[in-house]
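> sequence and computational prediction follow.
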Amino acid sequence: MKIDLDNLSLAGEVLARQEGHATAIGQHLETYARLSNADMGLILQLLVPINDGVVGAGKKITEGSSKIFGIAADKMEQTGTLYLDAERTSYEAAGEVAATLGMSPEPFSPSSPPPLGAASQSAPSRYGEPDGNLFNQAFWDGYSAAEYVDGTVDQGMDRANDALSSSRSVTEAVDVQSFLPRPQAEDPGIEDIRWSAGLIFGSVDWVMEKLTGISLLEEVTKPFSGDWVRIREASFTWTHTGDAMSGIGQNCMALLPPMASWTGKGSEAFLVAMGLLSQAHTVVAGPAGTIASALKMLVMLSKEMAALILRILKNLEKKLLAIAAEAAVPVVGWAAALITAGFSTYELIQDARTAYKWINRVYDFVSGMAGNVTQTADAAFRMADLYEGMARAGAARV
């Protein structure tokens, strides 16, 4: 039987930190991934219950993760106490034998375990910052790539040295909370589109309504009333969540090499549990990435729709201003306006249909995102099953 009490204590501290990390991830989701009705337009409000569903499932995942690590940290503390008590009993028994031989051994005084240091890795220095313009993005992408390569090389050398050492001390591999910055999303230009649409079309929309019976401005600007920056922030939040959950998985896996030499009671169960936890948290990062990508695609699709509609509005402006100018002349003017309208109405209606088609595409895309709820809920169920399994296993072995 081989036991390193210092490593047992440090492993317990690592597990306790993961409990805090999981709680922080849940708070990050709740703070930045929630989207209210005020954040959405009339059409994009369909996204609100879908988003609530995935955020709720994500919160359940983090709550389950936090509970799991709470149990694991408690079990490590109990295990360390049992080993320490056994060592004390053995030392005192040996002391009694020594006393019969006339020796006076020192009282049992275990050494204090070393404190757990900072994590070995953290998020890149510019992680979570907005992209900025193309030149800034290219520069910082190159900088981050070089930073990543340097860090990877250093990490590889450290691991090689660790692998060749006779013993390894437990450390935390990743600073998980460094992957949870406040999401920063730059304005995608929707404010300019809103203002342009209003300036171009607002003063002559009455002509469109008189000719066709509908207000195109009222209809096509429905999606514009949402806060697309908030949707982008929610997307970045899910990216952060996936990276942070992967970090927790790495921290669990990093416990295996230094703890592999532990051959006492509970060692095999510990190694299996860490492998399962590492895999579970790595898998959870998949749905988080899917949700982040879907929200980014929604913004891109909405921006394309807005650009198309703005072009339509600019074309309509010329036609409607001409009709309005002709209609300004009493009697004869309206007659001329009706002639012009006869040639223009068909094109106006076709343009309106094109705008509606793009609005429907956004609507359909949002509807399709409902599958993300199921995917995230499945991950939440798996985390709940893992928590229940660990809780029951621990209770059965008390």
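Okay, I see it.
> residue ranges in the chain under the pLDDT threshold?
1-2, 41-43, 91, 131-167, 186-226, 306-307, 309-352, 355, 393-398 (pLDDT under 70).
> where do the strands sit along it?
With DSSP state E as the definition, the chain shows no strands.
> where do the helices sit along it?
5-32, 47-100, 134-164, 190-201, 205-212, 216-220, 228-254, 256-259, 267-327, 332-368, 371-396 (DSSP state H).
> other SSEs contacting the second one?
Judged by 3 or more CB pairs under 8 Å, 6 or more residues apart in numbering; DSSP states H and E, the packing partners of helix 47-100 are helix 5-32, helix 228-254, helix 267-327, helix 371-396. Quick note: C-beta positions are derived from backbone N, CA and C, even for glycine.
> can you give me the buried ones in the last one?
Judged by neighbour count using 16 or more other CB atoms under 10 Å, the buried positions of helix 371-396 are Asn372, Val373, Thr376, Ala377, Ala379, Ala380, Met383, Ala384, Leu386, Tyr387, Met390, Gly394.
> list the residues that contact the residue lying closest to the second one once chain neighbours are set aside.
Counting by CB to CB, 6 or more residues apart in numbering, Gly53 is the residue found nearest to Val373 once chain neighbours are left out, at 3.9 Å. If you count contacts by CB atoms under 8 Å, 6 or more residues apart in numbering, Gly53 has them with Ala370, Val373, Thr376, Ala377.
> which one of the residues you listed is nearest Glu172?
Ranked by distance to Glu172 (CB to CB), these are led by Thr376 at 26.8 Å.
> verify the stated contact: that closest one with Lys59.
No. Checked against CB atoms under 8 Å, the pair Thr376 and Lys59 is beyond contact range at 10.0 Å.
> hang on, the earlier thing: nearest to Ala285, of the buried residues of helix 371-396?
Nearest member of the buried residues of helix 371-396 to Ala285, counting by CB to CB, is Ala379, at 9.5 Å.
> for the closest one, which residues are in contact?
For Ala379, the contact set (CB under 8 Å, 6+ apart) comprises Ala57, Ile61, Val283, Val284, Gly286, Pro287.
> those, buried ones only, as a PyMOL selection?
The PyMOL selection below is limited to those of those classed as buried (16+ other CB under 10 Å):
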select buried, resi 57+61+283+284+287
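> and the gap between Arg182 and Ala123?
In this view, Arg182 and Ala123 are 13 Å apart by CB to CB, to the nearest Å.
> ok, those two, which is more surrounded?
Between Arg182 and Ala123, counting by other CB atoms under 10 Å, Ala123 is the more crowded of the two (19 against 12).
> could you verify my assumption that that one touches Ser178?
Yes. Applying CB under 8 Å, one finds Ala123 in contact with Ser178, separated by 4.1 Å.
> ok, now how distant is the closest residue to Gly70 other than its chain neighbours from Ala273?
Using CB to CB, 6+ apart and skipping the chain neighbours, the partner closest in space to Gly70 is Glu19 (4.9 Å). According to CB to CB, Glu19 stands 14 Å off from Ala273.
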